[in-house]
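J.: Predicted model, plus sequence, below.
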Amino acid sequence: MKDTPQYQGFELGPIRPPSEAGSLLLRVTRNCPWNFCKFCTLYKGKKFSKRPVFHIKQDIDLLKKHINRIKSVPFSGDFRSINLMPIVESTPKEELPVFQAALHWYRGKMVSVFLQDANSLIIPPDDLVEILTYLREAFPDIQRITSYARSHTIARISDVDMARLSAAGLNRIHVGMESAADDVLKLVKKGVDKATHIKAGQKVKQAGIELSEYYMPGLGGAELSTSHAIESADALNQINPDFIRLRTLAVIDFSELAKDARAGIFTPVGDLEIARELLLFLEHLDGIQSAVKSDHILNLFQEVDGVLPDEKDKLIAPVKKFLSMDLETQMIFRVGRRAGIFSSLDDLKNFGLMAYAEEARDRYGITVDNIDHFTEELIKRYI
Ligand code: SF4
């Protein structure tokens with residue numbers, strides 16, 4: 001018989017979706033059970049494991065204890081005036097991470113929880129139902145419990161089990177679709193095909209769970225850009241997810257995809273090609289009611305934000321506007337955006353921000369000919 005692993009304390013995984021900034025992060029598995037995607041280095045060299053259910057329950061018990069301690073502090077409604085020093089000082093050192101997680105969640109009004117790491121649905125459904133039930137009983141006011149999951153995993157879960165997970169309170173699943181073009185999925189070793197993406201997405205929707213699908217502009221490279229955009233839009237049209245989220249590709253130096261780029265198998269594209277691809281993708285979204293969000297720092301256009309079908313023109317407008325600009329104006333926008341000076345195309349009309357962007361352009365000697373190299377380097381700061 002295997003030894004029962006000892007509880008090692010509250011654990012925190014490395015990432016969450018941008019939309020889960022205020023959520024409690026509850027780690028139910030460690031790392032990624034697939035770990036082959038060529039563009040992803042997040043869990044490379046790290047072994048996947050499922051945390052025992054009783055460890056996760058201990059995390060929840062500890063969170064509850066610290067939430068109750070925080071709630072016991074007199075509070076005027078202004079977080080700046082709350083004096084937490086007495087409870088910080090009386091918190092055992094080994095419980096400081098869970099205290100900090102509890103405090104962060106308390107400040108976020110304790111409405112949502114995100115289950116970490118890369119694919120929580122790999123947990124046997126009985127165990128996941130037990131965790132969800134325990135969590136909801138401990139904190140009955142939670143409004144949303146969300147998780148990342150792979151399409152490959154979801155597609156293998158029975159409809160009955162998906163309905164049980166939904167009934168136990170799993171409200172939203174984030175799927176890193178990235179692409180639905182089979183040639184792109186194969187190239188980047190996503191471990192899934194278009195049909196499986198569609199099957200998984202439809203299954204989540206059918207279970208009454210909100211679905212957020214990620215599309216990765218640039219992942220087809222120069223070679224597969226068109227099929228990447230069109231096939232991905234076609235899959236999403238068949239799924240009709242609640243959210244379509246954009247997360248632009250950044251080729252990380254030591255990734256497998258960077259090796260492919262050096263070998264000439266994959267040709268990374270710059271902002272201009274990505275804008276053209278994004279326009280093609282958005283134009284092909286059809287017959288769905290999804291909200292499209294561009295809430296990742298790597299995206300060139302934050303203002304691509306709207307609900308289909310009524311706001312399709314609004315979604316497309318900034319991309320078209322950018323593509324209609326002369327090269328010099330496109331370049332200054334890219335400099336401003338990638339240097340964190342601009343947040344939208346409207347900032348080009350702001351004299352103060354323009355002065356900063358022009359200063360950055362002059363300081364780094366950026367021209368229309370070397371801008372791709374400059375943005376590539378700046379993007380790496382955000383990874
Ligand atoms: S499934 Fe997600 S976390 Fe795992 S390797 Fe692929 S992109 Fe990375």
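T.: Thanks, I have it.
J.: what's around the one residue in the stretch 151-300 of the chain that gets nearest to the ligand, how many residues?
T.: Across the stretch 151-300 of the chain, no residue is closer to the ligand than Gly176, which sits at 5.0 Å (C-beta to the nearest ligand atom). Every residue, glycine included, has its C-beta placed from N, CA and C. Close neighbours of Gly176, defined as other C-beta atoms under 10 Å, add up to 23.
J.: Roughly how far does it sit from Cys40?
T.: Shown here: Gly176 relative to Cys40, a distance of 9 Å by C-beta to C-beta, to the nearest Å.
J.: if we can go back for a sec, the residue of the stretch 151-300 of the chain closest to the ligand falls within a strand, correct?
T.: Yes - assessed by DSSP: H, G, I helix; E, B strand; the rest coil, Gly176 belongs to a strand.
J.: Tell me which residues touch the closest residue in space to it that isn't next to it in sequence, please.
T.: The spatial neighbour of Gly176 that comes closest, neighbours along the chain excluded (C-beta to C-beta, 6 or more residues apart in numbering), is Tyr214 at 4.9 Å. Taking C-beta atoms under 8 Å, 6 or more residues apart in numbering as the criterion, Tyr214 is in contact with His174, Val175, Gly176, Met177, Glu178, Arg245, Leu246, Arg247.
J.: Which strand residues bridge the second one?
T.: Looking back up the chat, that one is Val175. According to DSSP bridges, the residues that bridge with Val175 are Ala149, Glu213.
J.: Could you list which residues are in contact with it?
T.: Contacts of Val175 (C-beta under 8 Å, 6+ apart): 148-151, 154, 197, 200-201, 204, 211-214, 241.
J.: Same check on the third one?
T.: Gly176 makes contacts with Tyr148, Arg150, Tyr214, as judged by C-beta under 8 Å, 6+ apart.
J.: export those residues to JSON lines and tack on distance to Leu63 and pLDDT?
T.: Converted to JSON lines, these look like this (distance: C-beta to C-beta, whole Å; pLDDT from 0 to 100):
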{"residue": "Tyr148", "distance to Leu63": "20", "pLDDT": "97"}
{"residue": "Arg150", "distance to Leu63": "27", "pLDDT": "98"}
{"residue": "Tyr214", "distance to Leu63": "28", "pLDDT": "97"}
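J.: Turn these into a markdown table, columns for distance to the ligand.
T.: Listed next are the contacts of Gly176 as a markdown table, based on distance: C-beta to the nearest ligand atom, whole Å:
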| residue | distance to the ligand |
| --- | --- |
| Tyr148 | 7 |
| Arg150 | 5 |
| Tyr214 | 9 |
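J.: any idea how far the nearest residue to Gly22 once chain neighbours are set aside lies from Ile142?
T.: Once flanking residues are discounted, Gly22 sits nearest to Gly108: 3.1 Å by C-beta to C-beta, 6+ apart. Per C-beta to C-beta, Gly108 is found 12 Å from Ile142.
J.: Between those two, tell me which one has more neighbours.
T.: Set Gly108 next to Ile142 and count neighbours by other C-beta under 10 Å: Ile142 wins out with 19 against 14.
J.: Just the pLDDT at the more buried one, thanks.
T.: pLDDT for Ile142: 97.
J.: what's the answer for the one 3 residues further on, then?
T.: According to the model's per-residue confidence, Ile145 sits at a pLDDT of 98.
J.: Any buried residues in stretch 153-167, and which?
T.: Residues of stretch 153-167 classed as buried: Thr153, Ile154, Ala155, Ile157, Asp161, Met162, Arg164, Leu165, Ser166 (neighbour count, 16 or more other C-beta atoms under 10 Å).
J.: Show me how far that stretch is from its chain's centre.
T.: 22 Å (C-alpha atoms, centre = their mean, to the nearest Å).
J.: Can you show me the CA trace of that stretch as PDB?
T.: Provided in PDB are the C-alpha atoms of stretch 153-167 (Å, rounded to 0.1, in the frame of the first residue of the first chain):
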ATOM      1  CA  THR A 153     -10.000  15.800 -21.000                       C
ATOM      2  CA  ILE A 154     -13.500  17.300 -21.100                       C
ATOM      3  CA  ALA A 155     -14.400  15.300 -24.200                       C
ATOM      4  CA  ARG A 156     -13.900  12.100 -22.200                       C
ATOM      5  CA  ILE A 157     -16.100  13.100 -19.300                       C
ATOM      6  CA  SER A 158     -19.600  11.600 -19.500                       C
ATOM      7  CA  ASP A 159     -22.500  14.000 -19.900                       C
ATOM      8  CA  VAL A 160     -23.900  12.700 -16.500                       C
ATOM      9  CA  ASP A 161     -20.600  13.600 -14.800                       C
ATOM     10  CA  MET A 162     -20.500  17.000 -16.400                       C
ATOM     11  CA  ALA A 163     -24.000  17.700 -15.100                       C
ATOM     12  CA  ARG A 164     -22.900  16.500 -11.600                       C
ATOM     13  CA  LEU A 165     -20.000  19.000 -11.700                       C
ATOM     14  CA  SER A 166     -22.300  21.700 -12.800                       C
ATOM     15  CA  ALA A 167     -24.800  20.900 -10.000                       C
END
